[in-house]
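Participant: sequence? don't have it. structure:
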């Protein structure tokens, strides 16, 4: 891969977005009405443009990883959101590439082609929207956060309002994780060949290339080029998702998710995931600690009220990140629906397992109580409370 080199993430992101904006532009030599339907771009042009995107994307990854380690939590949360949005768009693009034959993208039915093209266009529009906001501004809530009618002036009332905001926020994050986690687990267990799930859960980035290389056997030159570019693209997708777990945690996280999935499949109870998440998050222990922080704090009512306001922002930001993760999950499901190659199923399942791990562990991070050895993507509910109340970590 001819990886481009950039001086900063911002420089790379500008080039990346420009390349994606040009992806579906119909060449001037193509006759007929000009639209942004993916099928109207000649296959060779689509492959060439996708290859350029893959090269830019690969150059962005080390720069983005460096941003995930900065002290500013707002920048960290912004970068994490952009990485997932990029992964979702690139996954859709890889799926498009893998349906190319000698001439044009495969179109077994008009509705199939329309669904693919619409999905890719939606992913690009979502990417443009996400990337339009500088990462330094973090994750802006999709809707205005509901504020308390009036900040209580009396300290005990302020403490009560903060406790309520923290408990409600933690429960909202946990519930979002449960809903998304169960949806992914259900798809993996009931809609995916189990061998593909097991292979995918153990997959590392080099396995993606090895599995997809088999698709080239006996294929024409154009499809081989498409596969080569799809491999580069999917490697970037995988690396961007795994960056949110961190190299010291990714193996442990994926093994934990695999163990959970095996238990769920054995007992045929997807709601077991709720129990696993609840045990990991330790909500009861957090609430007990929260009561201790509130009892011992010397903070005045104004500071407690500011803490409550800041706490209410956290689950709203997590909802934004969860939305991006949901888009990436939809891309994986769509790829499995249209691409029946066993190798692709295993790769898609592996990325779904990684997404499930990110959802579970990022939810833990946004709660922020007793942080695991995990990339600190944002300032969690517990961290906000502790900082404002002067409570010991």
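Facilitator: Yes, it's here. Keep in mind that what you see is a predicted model, and the values were worked out from it rather than measured.

Participant: in the host helix or strand of residue 344, what's buried?
Facilitator: If you go by DSSP states H and E, residue 344 is part of helix 342-367. In terms of neighbour count (16 or more other C-beta atoms under 10 Å), helix 342-367 has its buried residues at 343-367. (C-beta placed from N, C-alpha, C; glycine too.)

Participant: got it, and stretch 209-222?
Facilitator: Buried residues in stretch 209-222, defined by neighbour count with 16+ other C-beta under 10 Å: 211-212, 215-216, 222.

Participant: take those residues and keep only those in helices.
Facilitator: For the buried residues of stretch 209-222, membership in helices holds for 211-212, 222, with DSSP state H as the criterion.

Participant: out of these, which is nearest to residue 284?
Facilitator: Proximity of these to residue 284, judged by C-beta to C-beta, is greatest for residue 211, which lies at 42.8 Å.

Participant: give the contact list for the nearest residue to that closest one once chain neighbours are set aside.
Facilitator: When the adjacent residues along the chain are set aside, residue 211 lies closest to residue 343, with 4.2 Å between them (C-beta to C-beta, 6 or more residues apart in numbering). Neighbouring residues of residue 343 by C-beta atoms under 8 Å, 6 or more residues apart in numbering: 211-212, 214-215.

Participant: how about a cut-off of 6 Å?
Facilitator: When contacts are counted by C-beta atoms under 6 Å, 6 or more residues apart in numbering, residue 343 touches 211-212, 214.

Participant: over to residue 68?
Facilitator: Here residue 68 is in contact with 76, 79, 375 (criterion: C-beta under 6 Å, 6+ apart).

Participant: in the stretch 151-300 of the chain, which spans are helices?
Facilitator: For the stretch 151-300 of the chain, the helices identified by DSSP state H, counting those that start in this stretch occupy 155-190, 194-201, 205-213, 221-243, 250-267, 272-281, 283-296, in order along the chain.

Participant: share the number of residues neighbouring residue 159, please.
Facilitator: Applying other C-beta atoms under 10 Å, we find 23 other residues in the vicinity of residue 159.

Participant: okay, the contacts of residue 343 in a markdown table with distance to residue 290 next?
Facilitator: Written out in a markdown table, the entries for the contacts of residue 343 read as follows (distance: C-beta to C-beta, whole Å):
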| residue | distance to residue 290 |
| --- | --- |
| 211 | 47 |
| 212 | 48 |
| 214 | 53 |
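
Participant: out of those, who's nearest residue 119?
Facilitator: Minimum separation from residue 119 among those (C-beta to C-beta) is found for residue 212, which lies at 20.3 Å.

Participant: name the nearest residue to that closest one, ignoring sequence neighbours.
Facilitator: residue 231 is the one closest to residue 212 (C-beta to C-beta, 6+ apart), at 5.0 Å.

Participant: that older thread, just the buried residues of stretch 209-222 now: which is nearest residue 297?
Facilitator: If you rank the buried residues of stretch 209-222 by distance to residue 297 using C-beta to C-beta, residue 211 comes first, at 54.2 Å.

Participant: and the pLDDT at the nearest residue to residue 67 once chain neighbours are set aside?
Facilitator: For residue 67, ignoring the flanking residues on the chain, the nearest one in space by C-beta to C-beta, 6+ apart is residue 79 at 4.3 Å. Confidence at residue 79, expressed as pLDDT, is 96.

Participant: got any ranges where the chain has weak pLDDT?
Facilitator: Low-confidence segments of the chain (pLDDT under 70): 1-3, 28-39, 101-117, 142-149, 371-374, 392-393.

Participant: if I look at the residue nearest to residue 211, how far off is residue 352?
Facilitator: The spacing between residue 343 and residue 352, counted by C-beta to C-beta, to the nearest Å, is 15 Å.

Participant: what does residue 70 give?
Facilitator: Distance check for residue 70 against residue 352: by C-beta to C-beta, it reads 29 Å.

Participant: was I right to think residue 253 contacts residue 356?
Facilitator: No - because the distance of 9.2 Å does not satisfy C-beta atoms under 6 Å, residue 253 is recorded as not touching residue 356.

Participant: excluding chain neighbours, what is closest to the residue sitting furthest away from the middle of the chain?
Facilitator: For the chain, the largest distance from the centre (C-alpha atoms, centre = their mean) belongs to residue 154, which lies 41.4 Å off. Distances taken as C-beta to C-beta, 6+ apart place residue 301 nearest to residue 154, at 6.5 Å, with adjacent residues excluded.

Participant: does the one you found touch residue 158 like I think?
Facilitator: Yes - Residue 301 is within contact range of residue 158, at 4.3 Å (criterion: C-beta under 6 Å).

Participant: what about those two, which has more around it?
Facilitator: Neighbours per residue, other C-beta under 10 Å: of residue 301 and residue 158, the larger number sits with residue 158, 24 against 17.

Participant: does the closest residue in space to residue 366 that isn't next to it in sequence lie in a helix or a strand, and which?
Facilitator: Across the structure, with C-beta to C-beta, 6+ apart as the measure, the residue nearest residue 366 apart from its sequence neighbours is residue 318 (4.3 Å). Counting by DSSP H and E, the secondary-structure element that holds residue 318 is helix 301-338.

Participant: show me what that helix packs onto, helices and strands only.
Facilitator: Here helix 301-338 touches helix 73-97, helix 155-190, helix 342-367, helix 381-389, going by 3 or more C-beta pairs under 6 Å, 6 or more residues apart in numbering; DSSP states H and E.

Participant: grab the nearest non-local neighbour of residue 22.
Facilitator: Of all residues beyond its chain neighbours, the one nearest residue 22 is residue 49 (6.5 Å), with distances taken as C-beta to C-beta, 6+ apart.

Participant: what number of residues lie near that neighbour?
Facilitator: As a measure of burial, residue 49 has 19 neighbours, counting by other C-beta under 10 Å.
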